[in-house]
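# Okay, sequence plus prediction incoming.
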Amino acid sequence: MPDHDNGCGAAVAEITASTELAKDFTLFQIEESLVLLAESAEEEGLTPEIERALTVYLEGAAEKRDRVADFIHFCEGMAELAKAEGKRLQARQKHFEATAERVSAMVLRVLDYLGVKKLEGRTNTLKKRKCPPSVKIIDDARVPAEFKHITVTLPLPQWQELLAGSGEELRKAVLSGIRKQETSVELEAIKQALNLEKTVEGADLVINRFKLQVI
């Protein structure tokens, strides 16, 4: 984006030309220039030129210093809004995924009721498709340890001590220092074991399951 880069560079050069010039800027010009400075800083980092340009603003009138502060608050506010929007969109995503799943299940029941595998529309086909076998965890606690991974978050020095040696006292010290512990089940490993007709306590293989395919 050469035009954008040139625009930011020109803004920095213009703003840093002289303190007197900055004093003549209107609040609108200052806000517009701050946006260019922020974009330039994001791309190039906080360079000496950008620092000098910001210094020019801060050395100006109190009203212009307030504009710099307002701009910072604006950026922080927009960041918070983006964060909240991300959570809202995530909830919206889950809502629509759940709705699509419920409607798909309803269509599958209709297909079964009619005794057909597909229904065709003008531009789409609703087709019953068999899903590959998948693992259903019945009781997580009963699943053998060999099929699980554990994620532990703890202070680095304690982790280094753990790597350096072992012993009852050290083990207790490490366990007491754990801040976060997560255990996950390795579904693919369980699936392979079940496919080999091995018994895996707390898990079973789900077969003859169908999902709706919209073509």
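That came through fine.

# burial of residue 193, as a residue count?
19 (other C-beta atoms under 10 Å). C-beta: built from backbone N, CA, C; applies to glycine.

# mind saving the C-alpha coords of the helix or strand where it lies as CSV?
Using DSSP states H and E, the element containing residue 193 is helix 187-195. In CSV, the C-alpha atoms belonging to helix 187-195 read as follows (Å, rounded to 0.1, in the frame of the first residue of the first chain):
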residue,chain,number,x,y,z
LEU,A,187,-10.5,-39.3,20.8
GLU,A,188,-8.5,-40.5,17.7
ALA,A,189,-6.4,-42.9,19.9
ILE,A,190,-9.6,-44.2,21.5
LYS,A,191,-11.2,-44.6,18.0
GLN,A,192,-8.3,-46.6,16.7
ALA,A,193,-8.4,-48.9,19.8
LEU,A,194,-12.1,-49.4,19.4
ASN,A,195,-11.8,-50.1,15.7
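
# domains of the chain?
With domains defined by automatic domain parsing, the chain comprises 1-116, 134-214.

# Could I get the full set of strands for the chain?
Using DSSP state E, the strands assigned to the chain run over residues 118-120, 125-130, 134-137, 148-153, 180-185, 203-206, 210-214.

# ranking the ones you listed by burial, who's on top?
strand 203-206 (a mean of 16; mean count of other C-beta atoms under 10 Å).

# which residues sit against the helix holding residue 193?
Residues outside helix 187-195 that contact it (C-beta atoms under 8 Å, 6 or more residues apart in numbering) are 133-135, 137, 143, 146-147, 200, 203-205.

# one more time with 6 Å
135, 147, 200, 203, 205 (C-beta atoms under 6 Å, 6 or more residues apart in numbering).

# Please name whichever of the strands of the chain is nearest to residue 95.
Closest approach to residue 95 among these (C-beta to C-beta): strand 210-214, 18.4 Å.

# For residue 75, grab the count of nearby residues.
Residue 75 has 13 nearby residues by other C-beta under 10 Å.

# pLDDT at it, what is it?
Residue 75 is assigned a pLDDT of 75 by the prediction.

# where in the protein is pLDDT low?
1-47, 50-51, 53-65, 67-68, 212, 214-215 (pLDDT under 70).

# Of all the residues in the helix holding residue 193, which ones are buried?
190-191, 193-194 (16 or more other C-beta atoms under 10 Å).

# got the angle for that helix vs strand 148-153?
160 degrees (axes from the mean of the first three to the mean of the last three C-alpha atoms, to 10 degrees).

# Could you number the chain from 243 rather than 1 from now on?
Shifting the count to begin at 243 puts that one at helix 429-437.

# if we can go back for a sec, closest to residue 425 out of the contacts of helix 429-437?
Nearest member of those to residue 425, counting by C-beta to C-beta, is residue 389, at 10.7 Å.

# Go ahead and confirm the closest one touches residue 428.
Yes - applying C-beta atoms under 6 Å, one finds residue 389 in contact with residue 428, separated by 5.0 Å.

# Before I go, just wanted to say thanks for your time.
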